[in-house]
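**Q** Model the structure of this input:
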Amino acid sequence: MKPTHRRARLRAGLTCIVLVTLVACGPGGDAPVAEPAPTPEAAAPALTDRVELPGAVLDSLGLAYATVTEEALAPSVELPANLVAVPDRRATAGPRVAGRIAEVRVNVGDSVEADAVLLVLESETVGRAWADLIAARARADVARQALARQRRLLADRVTSERAAEEAEGALLVADADLRAATTRLSTFGVEPGETPPDDPTRVAVRSPLGGTVVARRASLGQWAEPAETLVEVIDLDAVWLEATAYERDLRLIAVGQRVQVEVRAFPEERFAGTVSQVASTLDPVTRTATVRVELPNPDGRLRPGMFATARIAGVHEHEPRRLLAMPWAAVQQIDDHRAVFVRVAGGAFELRRVHTGERAGDLVEVLNGLQPGAVVVTEGSFLLKSHLLRSTLGEAEEGH
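**A** I've put the predicted structure just below:
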């Protein structure tokens, strides 16, 4: 090879080395440290849309199904509420006279009849009132006998008419004293009989109505005053539900409407009631009105203080529309979307996103996502949701 060619090739090689060096070096002349390519954050695995279960597993779940059909629906309103005692079915009992408690015959939770004795007091005041009554009865008897004698004497012309009139006046005064003594005992809660009791200082405190004892503030030996409430009794054969309705919902609520009530204590049950009153004014702060619902409670399971949800079927000027509907129990919340499980084969279910409209009782309007005739899972749909999530996580782990 000629020297000229050798020098040309050497020059070209040096030029390539310089270019590579300039490209590889940073502004400071040092080669940059290679950094690993950024990896995206681990995203939550996307849910699959199908669950397939073996026959044995499917049988163990005890699923229930419903068919999506057209229904005549009227919108409903769902209101937060709580249960309260009916005022006319609630009573407090206490002494009408000061005294010391000698007996307490009831405890909280006991059922009592109307006029049943709740407790007994010993009162010196009642003892004196009995003594006054006994004395007044004696004076009235004496005055009555004196008048009878004066009338016999007057008939025999042995006494004067003036004496007979004085005897009549004395009897009137004695009878007035007797009535006053009787009334005084009655005000203490004592109905005086013909003969005084063995211990006239005792007075019974009775229940104003039949019901259940819900409060007791009485102990043996305790001193009680007339202003005190010692026992509280509630008749729970019926209760009120007081719900809170926003201004925008009042157009859908009217007296006489049927109401379905759910309480947290019995989540699987529904209690039926009727709207008895809608408040005529709004709370100026919350812009809400109170809706009262009467609930029969023959078994006494509903208790004042329970939280509840009232679902009221709305009223409209027109007839209910026929809409595509399904049970609300079929709807699940998955990835911030509402979805249902549709049965497509014996043990195969597909997850379908749906948009729902207004609720009417246990039904909800289906806006899109389902066709008439689709079979959806109602009871046990949350179990399918659990299977779906487990299978999705399993696929994600296998992918890693």
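**Q** Mind listing residues that contact stretch 83-96?
**A** 118, 121, 123, 187-189, 203, 205-209, 211, 224-242, 263, 295, 302-306, 308 (Cβ atoms under 8 Å, 6 or more residues apart in numbering). Placement of C-beta: from N, CA and C, glycine included.
**Q** what pairs with the closest residue to Thr244 other than its chain neighbours across the strands?
**A** The shortest distance from Thr244 to any non-neighbouring residue, by Cβ to Cβ, 6 or more residues apart in numbering, is to Thr288 (4.8 Å). Thr288 forms beta bridges with Tyr246, as assigned by DSSP bridges.
**Q** Thr288: neighbouring residues, count only.
**A** Thr288 has 18 neighbours, counted by other Cβ atoms under 10 Å.
**Q** So it versus Leu252, what's the distance?
**A** 14 Å (Cβ to Cβ, to the nearest Å).
**Q** pLDDT weak spots in the stretch 251-400 of the chain?
**A** 314-321, 361, 391-400 (pLDDT under 70).
**Q** Please enumerate the helices of it.
**A** 381-399 (DSSP state H, counting those that start in this stretch).
**Q** who does the longest helix along the chain touch, helix- and strand-wise?
**A** Longest helix of the chain, by residue count under DSSP state H: helix 124-155. For helix 124-155, the elements it packs on are strand 99-104, helix 161-187, judged by 3 or more Cβ pairs under 8 Å, 6 or more residues apart in numbering; DSSP states H and E.
**Q** can you list these in JSON lines and add mean pLDDT and mean neighbour count?
**A** Formatted as JSON lines, these follow (pLDDT from 0 to 100; neighbours: other Cβ atoms under 10 Å):
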{"stretch": "strand 99-104", "mean pLDDT": "95", "mean neighbour count": "18"}
{"stretch": "helix 161-187", "mean pLDDT": "91", "mean neighbour count": "15"}
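**Q** nearest to Arg270, of those?
**A** Arg270 lies closest, by Cβ to Cβ, to one member of the helices and strands packed on helix 124-155: strand 99-104, at 39.8 Å.
**Q** Given that closest one, what are its sheet partners and their directions?
**A** strand 117-122 (antiparallel), strand 223-224 (antiparallel).
**Q** just checking, which of the ones you listed sits deepest inside the structure?
**A** Across these, the average number of neighbours (mean count of other Cβ atoms under 10 Å) peaks for strand 117-122, which reaches a mean of 20.
**Q** Need the contact partners of that strand.
**A** In this structure, residues lying in contact with strand 117-122 by Cβ under 8 Å, 6+ apart are 93, 95, 97, 99-106, 112, 199, 201-207, 213, 218, 224, 230-231, 233.
**Q** again with stretch 372-390
**A** Here stretch 372-390 has contacts from 47-48, 51, 53, 61-70, 324, 326-327, 329-330, 332, 334, 340-343, 349, 351-352, 370, using Cβ under 8 Å, 6+ apart.
**Q** do you know how far Trp223 is from Pro95?
**A** Trp223 is 10 Å from Pro95, by Cβ to Cβ.
**Q** Also Arg152?
**A** Applying Cβ to Cβ to Arg152 and Pro95 gives a distance of 48 Å.
**Q** Between the two, which is the more surrounded one?
**A** Neighbour comparison, Arg152 and Pro95: the larger count goes to Pro95, with 24 against 12 (by other Cβ under 10 Å).
**Q** Bridge partners for the spatially closest residue to the more buried one that is not a sequence neighbour, pull those for me.
**A** Distance criterion Cβ to Cβ, 6+ apart; nearest residue to Pro95, sequence neighbours excluded, is Ala224 at 4.9 Å. In this entry, Ala224 is beta-bridged to Gly99, by DSSP bridges.
**Q** so can I have CSV of the strands paired with strand 99-104 showing mean pLDDT?
**A** Output for the strands paired with strand 99-104, formatted as CSV (pLDDT from 0 to 100):
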stretch, mean pLDDT
strand 117-122, 95
strand 223-224, 95
